[in-house]
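Novice: starting from these lines, generate the structure:
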Amino acid sequence: MNGVKPSTCWIVVVLLAAGLVGLAGRWAGRAGPAAMAESPATSTAPATAPQAPATQPSQPASQAAMRRVHVFVSGRVQGVGFRDFTVAKAKSLGVTGWVRNLPDGRVEAVAEAPADKVAGLVDAIRTGPAAARVDDVKVEEERYAGEFASFSRR
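Specialist: I've put the predicted structure just below:
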């Protein structure tokens, strides 16, 4: 087998089949699928043992890019469809959480989703529906909890 152990080939095949091309390439000590296709006789890459990644993520991969924000919106934001606007925008983006009116005239919301989706919702909140006037938006970052199944109006 051109100097490659059969067990190594099976591991690389399994990793490739699982869609982990980059991991398979790193495990084999090469750059990627093109390098893995080279003949061992023509390859200049040294054979290396599997190496652990240089840094371990502090959160599971599924939560690494997730974001949670607590938002307070002031201005003419009650009685103008602001909560319905927020619910519709959140649902269209796939954001989970809730929105409610506060007794002091502000609107409060909590939102969770991938960071880019949350950013899209916050941008929409800064504008609000046509009948609203948004004077200020305070965004507080919170630890992602994954506690919501959908986005609701409270």
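Novice: number of residues surrounding residue 153?
Specialist: Residues near residue 153, counting by other C-beta atoms under 10 Å, number 13. To be clear about C-beta, it is placed using only N, CA and C from the backbone, and glycine gets the same treatment.
Novice: and the closest residue to residue 87 other than its chain neighbours, how far from residue 111?
Specialist: Spatial nearest neighbour of residue 87, chain neighbours left out: residue 153 (5.2 Å); criterion: C-beta to C-beta, 6 or more residues apart in numbering. Separation of residue 153 from residue 111 (C-beta to C-beta, to the nearest Å): 13 Å.
Novice: can you name the residues bridging to residue 152?
Specialist: Taking DSSP bridges as the rule, residue 152 bridges to residue 98.
Novice: surely it meets residue 86?
Specialist: No: applying C-beta atoms under 8 Å, one finds residue 152 not in contact with residue 86, separated by 10.4 Å.
Novice: higher neighbour count, those two?
Specialist: When neighbours are counted by other C-beta under 10 Å, residue 86 comes out ahead of the other of residue 152 and residue 86, with 28 against 15.
Novice: show me the domain layout of this structure.
Specialist: Taking automatic domain parsing as the domain assignment, the ranges for the chain are 1-50, 62-153.
Novice: mean pLDDT lowest for which of these?
Specialist: Per-stretch averages of pLDDT across those put domain 1-50 at the bottom, with a mean of 45.
Novice: and the gap between the residue nearest to residue 132 when sequence neighbours are not counted and residue 123?
Specialist: Nearest residue to residue 132 in three dimensions, chain neighbours excluded: residue 80, at 4.5 Å (C-beta to C-beta, 6+ apart). Distance from residue 80 to residue 123, counting by C-beta to C-beta: 18 Å.
Novice: pick out whichever of the two has more residues nearby.
Specialist: With neighbours defined as other C-beta under 10 Å, residue 80 and residue 123 compare such that residue 80 has more, 17 against 11.
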